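Trainee: Predicted model, plus sequence, below.
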Amino acid sequence: MSVTAQAHIDDHAHDDHIQHHKLTFVTKYIFCQDHKMISKQYMLTGLIMGIIGISMSMLFRMQLAWPGESFALFEAVLGKWAPGGIMDAEAYLALVTIHGTIMVFFVLTAGLSGTFSNLLIPLQIGARDMASGFLNMVSYWLFFISSIIMLSSLFLEAGPAAAGWTIYPPLSALPMAMGGSGMGMTLWLISMAIFIASSLLGSLNFIVTVINLRTKGMSMTRLPLTIWAFFITAIIGVVSFPVLLAAALLLIMDRSFGTSFFLSDIFIQGEVLHHQGGSPVLFEHLFWFLGHPEVYIVILPAMGIVSEVLATNARKPIFGYRAMIASLLAIAFLSTIVWGHHMFISGMNPFLGSVFTFTTLLIAIPSAVKSFNWITTIWKGNLQMNPAMLFSIGMVSTFITGGLTGIIMGDSTLDINIHDTYFIIAHFHLVMGISAAYGALAGVYHWFPKMFGRMMNKNLGYVHFWITAVCSYGVFYPMHFVGLAGVPRRYYENTAFPMFDDLTNLQILITVFALIAGIAQLVFLYNFFHSIFYGRKAEKNPWHSTTLEWTTPIEHIHGNWPGAIPEVYRWPYDYSKVDENDEYIIPGQDFVPQNVPLQKDEEELQH
Amino acid sequence: MTAFLIIMVLVLVAIAIWQMTKIFELSQLKTGNSQVANDSDNKTNGYLMFAFLIFIYGITIFCFWKYGKLLLPEAASEHGKDFDQLMLVSMVIIFIVQALTQTLLQYFSFKYYGKTGKKALFYADNDRLEFIWTIIPVITLAGLILYGLYTWTNIMDVNDEDDPLIVELYGQQFNWTARYGGEDNVLGQANVRMIDINKANVLGLDEADTYAADDVIVKELHLPVGRKVNFKIRSQDVLHSAFMPHFRAQMNAVPGMITEFSFTPITTTEEMRQRPEIIDKVKRTNAIRAERAANGEANSDPWEFDYVLICNKICGKSHYNMQMKIIVESQMEYDAWIAEQKTFAETVMADDSQQTTDSNETASTGQ
């Protein structure tokens, strides 16, 4: 079956070789169906959303460190939401809500998967493009529209959604409970419904492409780990995002059509509401059925990228290739049966709590195996310390730190006193906000030459990494202590409790690190945009990598390869492979690209 | 002022970083401008990786040294002791793993930094090694799971043994109310549909329910030390959460449900106030508050330690200030206190009998 599909695409490619359809500006840059352009579109949108998300975090961190103080910055940016320069309490809640929503969905899901799956899947498996270029283009534009709608909600009279990124009803269902639960929440739901459609279209495309369009010789066990990660991520997405859509639809019905899926026995603003029989806990189940796999959708691509970058820069195979694949599969499977660990004290039956503790602590095992494999990949390597490598090593470090605290909160008993405190915030920022972001940054630095034909400046990359690395730990390490001291999340200020007064200095320390980290990202932004236009021109395979994307010409062409698609003869990790005489397989170079046939007397090892 | 200075410092730091990177770049011109890491880059960053290990250890030790005293004091409840023990064991395990893995990671990053001509080792897999470092986490985690679940099952088993005191915690935007069962220690039925603001029946108690008449409704939670208390938790409007950190207790308040949590307080407020770590904390806190008073700022009145019930599920604008004081006292003090409180019959239902004799009032039937 795939052979016929292959033949069809090849014919099409031969036609393209003559490039007979002339592309206008609109069809080349805007409504483009080429996966490479779409990946850049995702990247740019994700980047802009990331800038907005980080800026929001800097604002509310300032409020936490200096509560109730007046800042001209607040008045300038928040307008009526900061009268006299003092941030309004609901504005604080709106900021943390939109910060969370933007970062988790728009930056770390679309910005990560959208960029790298689109860029790398066809290139690394040896395909001309995605299975459906049209659906791919639609998926990007839906993402763009959902971003616009989400941002437009910031300008509403009553404010954007402000019930936390988890938007639990009844708070998110009742406009009289909170200003942001009016039109703000409606726009949030519309934006997310469109986002989900975008994500599903993208995921379906990725799955079909990986299964059907691999080039000759590219068996599943010769795929780079990036592809495995993106493939499995897409499957998780297809399984779980529809459930969020269901939750959103039911919430829309409760809000606008008088149903009672999530609402019952409510007295608010002086009157009893008619809703009977529903339960907020149902929403929590539906939300987290997506919500937990979602965080693995965020981290798995980062893990794939890190595996690839570590192997390339260590000049060594990734250690335990099959174990890495098995871990990815185990994590994906287990991620669908742990969602209840977000709900230990939701009021659900405690027996469920036991079940979810059991499955949650299980998921620590494949994650641990991956971490050990990464460390072993570095052992006895010949480490090329490019910025992408630094971010990859950094990712392993922060993933271990953040992941270990997951063992604490995965234990239902311990969750009793740390649920919804800063301990949780510290945990998920270390694994998502830092580890996944490092994976994304490693990807940007590593594949920048492929995307733009130019090199980023490595010294700026070093400065960016080291400042970010120190500040990231500086923000989130001490934050665990804030949580263990009992400070709850989503508190506009802590001054209502004298028992939190002695944490003021700690809050200031965290904020100062956060502000420095935020400013340091400007180094990256400058490097990124400047290098697109003025970066040193790249050679074809600057990192001496084995994978197929580096065999395409530097100038992008439709169909990726000018002639036939390369055939694959080996797995992607033949770095520093030696024969019996301890000589490199190809004399003079320490790697063998995937499209090089087995040499005379070369042994094919089973990995 | 402090904020302004800090912003200035940050701006100067940003400018300094910018200038330093420019200088660094300019200084690199002579050595060719390939943007791929060379031997010198590898060596520098290799050393920095080792320094980063020192930083990781350093920030860990610094935080414990400086912020260790901010952690919650020893648990004030019976099950809290088990909680703290489980937390300690779990923390010890993860810190051992952290110390080992970060050391290996950063040390290897330093030891194996790239040099021209060096050969990496082609070492692709070792199933035995994979097995070992799979089975060790499995055994460790299995142990933690069993320990944790045993503790969890005990804590979450809310039952009628040991004659518990039944108390309702009622959450609404933005305050808590506590309701005792009164003499019969049974709570009267209540529902939002029976709320009658005019008659001050804010909890929606069923006046027809005989169990409701002796219920005591208060804004300050008093608990006799050593007696198990079963909390029945309700919400009037949106999700709230009854978080009592000193007792290691938390349970969501869900509209449409009555959720439960149970614990036995073992330390009175007075005893807690005498604890050295609390005395220190109060001293620290009052020093901060005195400074505020000197500057004429708010939140500057001196503080005496009290247990608190705080809301821990986002519930709206004033989520950050939805609290109720908790006082744990001797049985005698508790009995004296509760004797002084008015029952539901004496407050809300009394209005009833008054109204029927009041000719100026039309009988209000609620709503």
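Mentor: Sure, I can see it. Numbering: from 1, shown residues only, chains lettered A, B, ... in the order given.
Trainee: Please count neighbours and contacts with C-alpha atoms only from this point.
Mentor: Noted.
Trainee: ok, for residue B:111, nearest residue in space, not its chain neighbours?
Mentor: residue B:46 (7.2 Å; C-alpha to C-alpha, 6 or more residues apart in numbering or on different chains).
Trainee: So what's the residue count around the one you found?
Mentor: Using other C-alpha atoms under 10 Å in any protein chain shown, residue B:46 has 25 other residues around it.
Trainee: Then the one 4 residues further on?
Mentor: Residues contacting residue B:50 under the criterion other C-alpha under 10 Å number 19.
Trainee: same question for the helix or strand harbouring it, mean pLDDT?
Mentor: Using DSSP states H and E, residue B:50 maps to helix B:39-67. For helix B:39-67, the mean per-residue pLDDT is 96.
Trainee: swap in stretch A:402-414?
Mentor: The model assigns stretch A:402-414 a mean pLDDT of 95.
Trainee: ok, now stretch A:96-104?
Mentor: 97.
Trainee: what do you get for stretch B:102-115?
Mentor: 96.
Trainee: Stretch A:275-293 now?
Mentor: Throughout stretch A:275-293, pLDDT has a mean value of 96.
Trainee: again with stretch B:312-320
Mentor: pLDDT averaged over stretch B:312-320 gives 97.
Trainee: What's the first helix or strand after the longest helix anywhere in chain B?
Mentor: Scanning chain B for the helix with the most residues, using DSSP state H, yields helix B:78-111. Of the helices and strands lying after helix B:78-111 in sequence (DSSP H and E), the nearest is helix B:127-156.
Trainee: Any part of that following helix near chain A?
Mentor: Yes - under the criterion of C-alpha under 8 Å from any C-alpha of the partner chain, helix B:127-156 makes contact with chain A via B:127, B:130, B:133-134, B:137-138, B:141, B:145, B:148-149, B:151-153, B:156.
Trainee: Now the element after that helix, going C-ward?
Mentor: Downstream of helix B:127-156, the first helix or strand assigned by DSSP H and E is strand B:165-172.
Trainee: Which other helices and strands does the next helix or strand after that following strand contact?
Mentor: Using DSSP H and E, the next helix or strand after strand B:165-172 towards the C-terminus is strand B:175-180. When contacts are defined as 3 or more C-alpha pairs under 8 Å, 6 or more residues apart in numbering or on different chains; DSSP states H and E, strand B:175-180 sits against strand B:165-172, strand B:216-218, strand B:323-329.
Trainee: CSV for these, including distance to chain A and mean neighbour count?
Mentor: Output for the helices and strands packed on strand B:175-180, formatted as CSV (distance: least, C-alpha to the nearest C-alpha, whole Å; neighbours: other C-alpha atoms under 10 Å in any protein chain shown):
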stretch, distance to chain A, mean neighbour count
strand B:165-172, 9, 22
strand B:216-218, 19, 21
strand B:323-329, 9, 20
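Trainee: and of those, who's closest to residue B:306?
Mentor: strand B:323-329 (6.8 Å; C-alpha to C-alpha).
Trainee: Quick check, central residue of chain A?
Mentor: Most central in chain A under C-alpha atoms, centre = their mean is residue A:108, positioned 2.7 Å from the mean C-alpha point.
Trainee: separation between the nearest residue to it once chain neighbours are set aside and chain B?
Mentor: Nearest residue to residue A:108, sequence neighbours excluded (C-alpha to C-alpha, 6+ apart): residue A:298, at 5.6 Å. Applying C-alpha to the nearest C-alpha, to the nearest Å, the value for residue A:298 to chain B is 23 Å.
Trainee: now swap in residue A:179 and tell me
Mentor: 9 Å.
Trainee: what pLDDT does that residue get?
Mentor: pLDDT, read off for residue A:179, is 93.
Trainee: which residues sit in contact with it?
Mentor: Counting by C-alpha atoms under 8 Å, 6 or more residues apart in numbering or on different chains, residue A:179 touches A:90, A:158-159, A:162.
Trainee: Out of these, which is nearest to residue B:202?
Mentor: Of those, the one sitting nearest to residue B:202 (C-alpha to C-alpha) turns out to be residue A:90, at 26.0 Å.
Trainee: Which neighbouring residues are in contact with that closest one, exactly?
Mentor: Taking C-alpha under 8 Å, 6+ apart, we find residue A:90 in contact with A:162, A:179, B:316-317.
Trainee: Surely residue B:247 and residue B:75 touch.
Mentor: Yes - contact status for residue B:247 versus residue B:75: in contact at 5.7 Å, counting by C-alpha atoms under 8 Å.
Trainee: circling back: now do the helix holding residue B:50 and helix B:78-111, the angle between them.
Mentor: Angle of helix B:39-67 versus helix B:78-111, following axes from the mean of the first three to the mean of the last three C-alpha atoms, to 10 degrees, is 160 degrees.
Trainee: Show me what helix B:39-67 is packed up against.
Mentor: Counting contacts by 3+ C-alpha pairs under 8 Å, 6+ apart, helix B:39-67 packs against helix A:458-484, helix B:78-111.
Trainee: What is the shortest one packed up against?
Mentor: Think helix A:458-484. helix A:387-409, helix A:422-428, helix A:504-534, helix B:2-28, helix B:39-67.
Trainee: switch the cut-off to 10 Å
Mentor: Helices and strands touching helix A:458-484, by 3 or more C-alpha pairs under 10 Å, 6 or more residues apart in numbering or on different chains; DSSP states H and E, are helix A:387-409, helix A:412-418, helix A:422-428, helix A:437-452, helix A:504-534, helix B:2-28, helix B:39-67.
Trainee: show me what contacts residue A:83?
Mentor: Residues in contact with residue A:83 (C-alpha atoms under 10 Å, 6 or more residues apart in numbering or on different chains) are A:70, A:74-75.
Trainee: do that again at 6 Å, thanks
Mentor: Not one residue lies near residue A:83 by C-alpha atoms under 6 Å, 6 or more residues apart in numbering or on different chains.
Trainee: how long is stretch B:293-310 from one end to the other?
Mentor: End-to-end span of stretch B:293-310 (C-alpha to C-alpha, to the nearest Å): 25 Å.
Trainee: scratch that, stretch B:187-204 is what I was asking about
Mentor: Start-to-end, stretch B:187-204 (C-alpha to C-alpha) is 12 Å.
Trainee: Which positions in it come out as buried?
Mentor: B:187-188, B:190-196, B:199, B:201-204 (16 or more other C-alpha atoms under 10 Å in any protein chain shown).
Trainee: circling back: in JSON lines: the helices and strands packed on helix A:458-484, plus distance to residue B:241.
Mentor: Listed next are those as JSON lines, based on distance: least, C-alpha to C-alpha, whole Å:
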{"stretch": "helix A:387-409", "distance to residue B:241": "17"}
{"stretch": "helix A:412-418", "distance to residue B:241": "11"}
{"stretch": "helix A:422-428", "distance to residue B:241": "16"}
{"stretch": "helix A:437-452", "distance to residue B:241": "32"}
{"stretch": "helix A:504-534", "distance to residue B:241": "24"}
{"stretch": "helix B:2-28", "distance to residue B:241": "34"}
{"stretch": "helix B:39-67", "distance to residue B:241": "27"}
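Trainee: between those, which gets nearest to residue B:96?
Mentor: Per C-alpha to C-alpha, nearest to residue B:96 of the helices and strands packed on helix A:458-484: helix A:387-409, 10.5 Å.
Trainee: for the stretch 151-300 of chain A, what spans make up the strands?
Mentor: Secondary structure of the stretch 151-300 of chain A by DSSP state E, counting those that start in this stretch: the strands cover A:267-268, A:271-272.
Trainee: Pick the most deeply packed of those strands.
Mentor: Stretch with highest mean neighbour count among the strands of the stretch 151-300 of chain A: strand A:267-268 (a mean of 20; mean count of other C-alpha atoms under 10 Å in any protein chain shown).
Trainee: picking that back up, from the buried residues of stretch B:187-204, which one has the minimum pLDDT?
Mentor: Within those, pLDDT reaches its minimum at residue B:199, with 82.
Trainee: Setting aside sequence neighbours, what's the nearest residue to that one?
Mentor: The shortest distance from residue B:199 to any non-neighbouring residue, by C-alpha to C-alpha, 6+ apart, is to residue B:348 (6.0 Å).
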